[in-house]
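Asks: Got a sequence here, can you model it:
(2 chains)
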Amino acid sequence: MTSHHLATILLQGSTDSFSPIESLWRLFEWLLVDVYGTGMNLLSELLGVRMLGYPYMQRAYLAAVCIAVIGPLVGTFLVHRELSMLADTLAHTAFAGVAVGLFLNAALSLSLSPLLTAMIVAVGTALLVELLIDYADAYSDTSLAIVLTTGFALGSVLITATDGGIAVGIDAYLFGSLSTVSKDNVGLLVAMSLLIGTLVTVAYRPLLYVTVDATAARAARINVRLYKRLMVVLTALVVVSAMQIMGVILVAAMLVVPVATAGFVAQSFKQSILLAILAAEFAVLSGVTLAYVYGIAAGGSIVLSAAAVYATVLVVTKVDIRWVLRLLPTRSGPSVEHAEQGLEADGGERE
Amino acid sequence: MTTETAGAESLRRRSEELVVSVDDVSFAYGDLPVIESVSIDVEPGAFLGLVGPNGSGKSTLLNLMLGLQKPDTGTVQLFGEPAGEFDAGERIGYVPQNATAAADRMPVTVRELVTMGRYPRRLVGRFSDEDRRAIDDALRAVEITDLADRRVGQLSGGQRQRVFIARALAAEADLLALDEPTVGVDAESREAFYELLADLNDSGLTILLIEHDIGVVTTYASEIACLNRRLYFDGDPEDFVATDALAAAYGTDQHVLTHDH
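Replies: Down below sits the predicted model:
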């Protein structure tokens, strides 16, 4: 059965004929509004939580859940290749891409989607950075800093050169926003999640080999250059898909912070991906909720939640409790040993 | 058949039998010559120890042999094919310099790393029973089966080296290349590690080893190549110790510390 037929059936025997993309879109709309939306409405009534019943919050939660899957999925490879800063660099050049779109639209009376130009510019930059690291023999750190600032500079120049550029809501791109998450945005994120999920699944082995031991991978005749490029292109796709919610300045955190958190406890690479996604899901769900309740920027509250999880895991796994106890003021000299014994007697945990 | 083609034919057959054949190879980084007219053959089953002072081009020569770098002049054959075009990745097991240090920080288990040896044969798709058997055999051969689910970074230096050897064994490689594998490994584990290499060599694995400890190489290797941009010596370890190639290559008086075993 083609997606066309499926969509037609799902639309209760509608006789209009659609192109495959249109059919997919209708199917997605139906799933989003009638299946997911209805489910969330039910949940909202069951729990008595009103915000779950608002369509824009339903979209925000779905988008956030997608971001929390693709961010760590790609970020795990990136972080362990010691290229964490690449995500940030691509986000800032994606901002330049948005500006290019707005500028071209204003200057040539076009109606390009700024997201499309952002995608093109970010993917192009990703490949350029990979070339710089490979051939120019520059420290990757320095290459990234140069590209990051140049991209952002280009963005700021183009924005100010575009009439009314500031009014288009550049703030939403910089800091992210929940209320601007449209059906299109959610559609893009769901499609990207499927695409990125599929690519990482298919290319998991070479990506892992290249991440862990690129030289040996090359000796084993694995196309290291191809997979390094795939990795940076995937990063660009994640960053651009997620930037409308997270904001260009903060989006990189979703590829880095949960991964670093998982790194403290994960025993295997697969486990580290799964734990990172888990940490990210916790961060986005609490972050989006806090953003709604307190009327604060979603990107910021998500990243703060992620950082809180990171700090908690760091303290629990790395900090020796005896060391903390030694810092506490000791009243009339009960020794540290006593404090420890007291803790044990209370059934407290010791490292 | 003319004598000329017969000669070419026998030359071709001879180079097919060789694991590596380096013929009059030179290589420079920009203006800096690193390798100058080096010719060396590696026979199947050889245990070649590559020695030379720091910066003498040992790692570069190894990379040229494995086809990871292209020579400026001269040719390199790997299993009878031009090294740059050779694509049977599973036949090569490579333990790069500092590879173990990099793996330290990563959340990878011993089994995950050893499994990478099967990747050239199965880049996508489910592993077969044969793949799994090869991985289990490799873990057993270097006696790390009970460590399989541990994170590589939690192991001792000596154990970590075995993990990387196991990766090559899982690949069922014909050639094992190691670039200073025992840096940062204590003396006792180092000895056990070289005993393991010698055993693997006895069972037919060809080994290329870069090692700065000349005493160790002359004890375990079956052939020594001494390099300092040019090849100063290529032959039996006993002869190497007896000649003055070492002093010539290093430019100073060197004393070989022999280990009692």
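Asks: Report the separation between the two terminal residues of stretch A:175-184.
Replies: Terminal residues of stretch A:175-184 are spaced 19 Å apart (C-alpha to C-alpha, to the nearest Å).
Asks: and what of stretch B:97-116?
Replies: The straight-line separation of the ends of stretch B:97-116 (C-alpha to C-alpha) is 18 Å.
Asks: Run through the chain and note the low-pLDDT ranges.
Replies: With no chain named, the answer covers chain A. Low-confidence segments of chain A (pLDDT under 70): A:1-18, A:136-139, A:163-169, A:329-351.
Asks: That was the other one, I meant chain B.
Replies: Low-confidence segments of chain B, defined by pLDDT under 70: B:1-16, B:252-261.
Asks: do that again at 90, thanks
Replies: Under the criterion of pLDDT under 90, the regions of chain B flagged as low confidence span B:1-17, B:30-31, B:53-55, B:96-106, B:153, B:156-161, B:181-192, B:211-218, B:235-261.
Asks: domains in it, as residue ranges please.
Replies: Taking automatic domain parsing as the criterion, chain B consists of the domains B:19-79+B:175-250, B:108-173.
Asks: Wondering if the first one reaches chain A at all.
Replies: Read it as domain B:19-79+B:175-250. Yes: Domain B:19-79+B:175-250 lies in contact with chain A when judged by C-beta under 8 Å from any C-beta of the partner chain; the contacting residues are B:Leu66, B:Leu68, B:Ala177. All C-beta atoms are positioned from the backbone trio N, CA, C, and that covers glycine.
Asks: so of these, which ones are in strands?
Replies: B:Ala177 (DSSP state E).
Asks: and A:Pro72, how many residues sit next to it?
Replies: As a burial measure, A:Pro72 scores 30 neighbours (other C-beta atoms under 10 Å in any protein chain shown).
Asks: do the same with A:Leu42
Replies: Counted with other C-beta under 10 Å, residues neighbouring A:Leu42 total 12.
Asks: Phi first, then psi, for it.
Replies: The main-chain torsion angles of A:Leu42 are listed as degrees, to the nearest 10 and equal phi -60, psi -50.
Asks: Tell me which helix or strand B:Cys226 sits in.
Replies: Here B:Cys226 is covered by strand B:223-228, with elements defined by DSSP states H and E.
Asks: Report the strands that pair with that strand, each with its relative direction.
Replies: Counting by DSSP bridges, the strands paired with strand B:223-228 are strand B:47-51 (parallel), strand B:230-235 (antiparallel).
Asks: Mind putting those strands into TSV with mean neighbour count?
Replies: Written out in TSV, the entries for these read as follows (neighbours: other C-beta atoms under 10 Å in any protein chain shown):
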stretch	mean neighbour count
strand B:47-51	26
strand B:230-235	19
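Asks: Can you report how many residues lie near B:Ala102?
Replies: Burial of B:Ala102 is recorded as 17 neighbouring residues (other C-beta under 10 Å).
Asks: would you say it is within a helix?
Replies: Yes: counting by DSSP: H, G, I helix; E, B strand; the rest coil, B:Ala102 falls inside a helix.
Asks: Tell me, how many residues neighbour the nearest residue to it once chain neighbours are set aside?
Replies: Setting aside the residues directly before and after it, B:Ala102 is nearest to A:Asp213 in space (C-beta to C-beta, 6 or more residues apart in numbering or on different chains), at 6.9 Å. As a burial measure, the neighbour count of A:Asp213 was computed by other C-beta under 10 Å and equals 25.
Asks: Over to B:Ser26?
Replies: 17.
Asks: Which residues of chain A lie near chain B?
Replies: Chain A comes close to chain B at residues A:80, A:202-203, A:205-206, A:208-209, A:211-213, A:215-222, A:262-263, A:266-272, as judged by C-beta under 8 Å from any C-beta.
Asks: Repeat the analysis, applying 7 Å as the threshold.
Replies: Where chain A comes near chain B, counting by C-beta under 7 Å from any C-beta of the partner chain, the residues are A:80, A:202, A:205-206, A:209, A:212-213, A:215-216, A:218-222, A:263, A:266-269, A:272.
Asks: From those residues, which land in helices?
Replies: A:80, A:202, A:205-206, A:209, A:212, A:215-216, A:218-219, A:263, A:269, A:272 (DSSP state H).
Asks: Out of the residues you listed, which end up buried?
Replies: Those of those that meet the buried threshold are A:His80, A:Arg205, A:Pro206, A:Tyr209, A:Val212, A:Thr215, A:Ala216, A:Arg218, A:Ala219, A:Gly263, A:Phe269, A:Ser272, by 16 or more other C-beta atoms under 10 Å in any protein chain shown.
Asks: wait, isn't the last one in contact with A:Thr76?
Replies: Yes: using C-beta atoms under 7 Å as the test, A:Ser272 is close enough to A:Thr76 to be in contact (5.9 Å).
Asks: Just among the residues of domain B:19-79+B:175-250 next to chain A, which is most surrounded?
Replies: Neighbour counts for the residues of domain B:19-79+B:175-250 next to chain A were taken using other C-beta under 10 Å; the highest belongs to B:Ala177, with 27 neighbours.
Asks: and it, how far is that from B:Ile210?
Replies: From B:Ala177 over to B:Ile210 the distance is 8 Å, taken as C-beta to C-beta, to the nearest Å.
Asks: and for those two, which residues touch both?
Replies: Residues touching both B:Ala177 and B:Ile210 by C-beta atoms under 7 Å, 6 or more residues apart in numbering or on different chains: B:Leu62.
Asks: before we move on, back to that, roughly how far does the residue nearest to B:Ala102 sit from B:Lys58?
Replies: Distance of A:Asp213 to B:Lys58, computed by C-beta to C-beta: 20 Å.
Asks: Check which helix or strand residue 143 maps to.
Replies: Reading this off chain A. If you go by DSSP H and E, A:Ser143 is part of helix A:140-161.
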